[in-house]
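Trainee: Here is a sequence together with a model predicted from it:
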Amino acid sequence: MLVLEDAILKKENRKNFVALGSFDGLHEGHLSLIRKIKQLAEEGEGQSIVYTFKNHPRKFINTNSTLNLLMTNEEKISILEKEGIDILAFKKFDKETMKMSPEDFIKNMCESFNIKGIVVGFNFKFGYKNAGDIKLLNELKSKYHFDLYVMEPCIYNDSVVSSTRIREAIIDGNMEEAFNMLARPYSLEGKVIHGKKLGRTIGFPTANLEIDKSKCIPAKGVYYTNVSIKGKIFKGITSVGHNPTVNGKELTIETYILDFNEDIYGQNITLYFINKIREEIKFNGLEELVNQLNVDKSYAEKNGIII
């Protein structure tokens, strides 16, 4: 997959099909657009293009926004590559882009990428103050010579799948619901850093994940996870919280990895959140904590699945 950052396609080719959107999370609804342009490009012997922003417009417009993202750009690139997309066009959302009129946005995109067809979601908005909509796209398609394809909403549990809804599920700790809307487990990737090393003294050594504050963090609690280390998947028990039994102050994400006994400090791992096992609990001492950890471990061994 070719990744273009603030660039244009120099080769004249009127067979390109583009999907437009922010694509935060690349959930089931987004994937319907991605697979549509791939189909159109294959049928038209052209190229499939995903056009999106490197930075989230809402965070640019409001620098105080507390919006947490569902995925990093690196994760977005990885998933789109697996989907077989030909070109990812990353545009920086800046003041110039923000003030671009809806028609100028479409004109610029069509001319820069030689667009034959545009695929959007049913509620797509674009241009200055989101003034552009599906109605305007229909009016512009003959002027700029593109075919328009509008995808129907993706429904889960009688409601439209959206990044906002997925974010709310994660913040609530409902990882199974997020899983179903994303079509994959929600994940956090990061470096293993040194912690208090209390776990190793009670027989449950943990990998302490460096927290990416730009991403959405699951609610406090204990989760069953899959842990990817150098391409191999292990079962894990992940605690998100403040370690109340030992009066912890900082939020930590710590994972006990089953059937694993290697030094991975400084290495990057990925946690895939499958489901929540229980709430965070303050125990009356380490003995009670160890007893509960053994229960959690038994659950992971007997009921935990590998995705």
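Mentor: Looks like it came in fine.

Trainee: Please count neighbours and contacts with C-alpha atoms only from this point.
Mentor: OK.

Trainee: Quick one: residues in contact with the lowest-mean-pLDDT helix or strand in the chain.
Mentor: Across the helices and strands of the chain, mean confidence by mean pLDDT, DSSP states H and E is lowest for helix 198-201: a mean of 74. The contact list for helix 198-201, computed with Cα atoms under 8 Å, 6 or more residues apart in numbering, reads 205-206.

Trainee: again, but for stretch 142-152
Mentor: Contacts for stretch 142-152 (Cα under 8 Å, 6+ apart): 32-33, 107, 110, 115-122, 134, 137-138, 141.

Trainee: Residue 132 touches residue 126, doesn't it?
Mentor: Yes. Residue 132 is in contact with residue 126 according to Cα atoms under 8 Å; the separation is 4.8 Å.

Trainee: Could you point out the longest helix of the chain?
Mentor: Counting by DSSP state H, the longest helix found in the chain is helix 286-303.

Trainee: export that one as CSV, just CAs?
Mentor: Taking C-alpha atoms only, helix 286-303 is exported to CSV below (Å, rounded to 0.1, in the frame of the first residue of the first chain):
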residue,chain,number,x,y,z
LEU,A,286,-2.1,-9.4,49.9
GLU,A,287,-3.4,-12.8,50.8
GLU,A,288,-6.9,-11.9,49.6
LEU,A,289,-5.4,-10.3,46.5
VAL,A,290,-3.5,-13.5,45.7
ASN,A,291,-6.6,-15.7,46.2
GLN,A,292,-8.6,-13.5,43.7
LEU,A,293,-5.7,-13.5,41.2
ASN,A,294,-5.8,-17.3,41.3
VAL,A,295,-9.5,-17.2,40.5
ASP,A,296,-8.8,-14.8,37.6
LYS,A,297,-6.1,-17.0,36.3
SER,A,298,-8.4,-20.1,36.5
TYR,A,299,-11.0,-18.2,34.5
ALA,A,300,-8.5,-17.2,31.8
GLU,A,301,-7.2,-20.8,31.6
LYS,A,302,-10.6,-22.4,31.3
ASN,A,303,-12.7,-19.8,29.5
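
Trainee: got the buried residues for that helix?
Mentor: 289-290, 293, 296-297, 300 (16 or more other Cα atoms under 10 Å).

Trainee: Which strands and helices lie in contact with that helix?
Mentor: strand 232-241 (3 or more Cα pairs under 8 Å, 6 or more residues apart in numbering; DSSP states H and E).

Trainee: list the buried ones in the strand it packs on?
Mentor: 233-241.

Trainee: between the longest helix of the chain and strand 232-241, what angle do the directions make?
Mentor: When axes from the mean of the first three to the mean of the last three Cα atoms, to 10 degrees is applied, the directions of helix 286-303 and strand 232-241 differ by 140 degrees.

Trainee: outside of helix 286-303, which residues touch it?
Mentor: Residues outside helix 286-303 that contact it (Cα under 8 Å, 6+ apart): 202, 204, 224, 235-237, 245, 258, 277, 283.

Trainee: same thing with stretch 41-59?
Mentor: Contacts for stretch 41-59 (Cα under 8 Å, 6+ apart): 13, 15-23, 34, 37-38, 40, 65, 67, 73, 85-93.

Trainee: May I see the PyMOL selection of the buried members of these?
Mentor: Here is the PyMOL command that selects the buried residues among these (16+ other Cα under 10 Å):
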select buried, resi 15+16+17+18+19+20+21+22+23+34+37+38+40+85+86+87+88+89+90+91+92+93
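
Trainee: quick one: which of the contacts of stretch 41-59 sit in helices?
Mentor: Counting by DSSP H, the contacts of stretch 41-59 place 34, 37-38, 40, 73 in helices.

Trainee: Pull stretch 124-142 out as CSV, backbone CA atoms only.
Mentor: Once non-C-alpha atoms are left out, stretch 124-142 reads as follows in CSV (Å, rounded to 0.1, in the frame of the first residue of the first chain):
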residue,chain,number,x,y,z
PHE,A,124,-21.0,12.3,5.6
LYS,A,125,-20.3,16.0,6.1
PHE,A,126,-17.4,18.0,4.7
GLY,A,127,-16.0,21.5,4.1
TYR,A,128,-16.0,24.6,6.2
LYS,A,129,-18.3,24.2,9.2
ASN,A,130,-19.4,20.9,7.8
ALA,A,131,-21.7,22.7,5.4
GLY,A,132,-21.3,20.0,2.7
ASP,A,133,-23.5,16.9,2.7
ILE,A,134,-24.9,14.2,0.5
LYS,A,135,-27.2,16.6,-1.3
LEU,A,136,-24.3,18.8,-2.3
LEU,A,137,-22.3,15.8,-3.5
ASN,A,138,-25.1,14.8,-5.8
GLU,A,139,-25.1,18.3,-7.2
LEU,A,140,-21.4,18.3,-7.8
LYS,A,141,-20.9,14.8,-9.3
SER,A,142,-21.8,15.9,-12.9
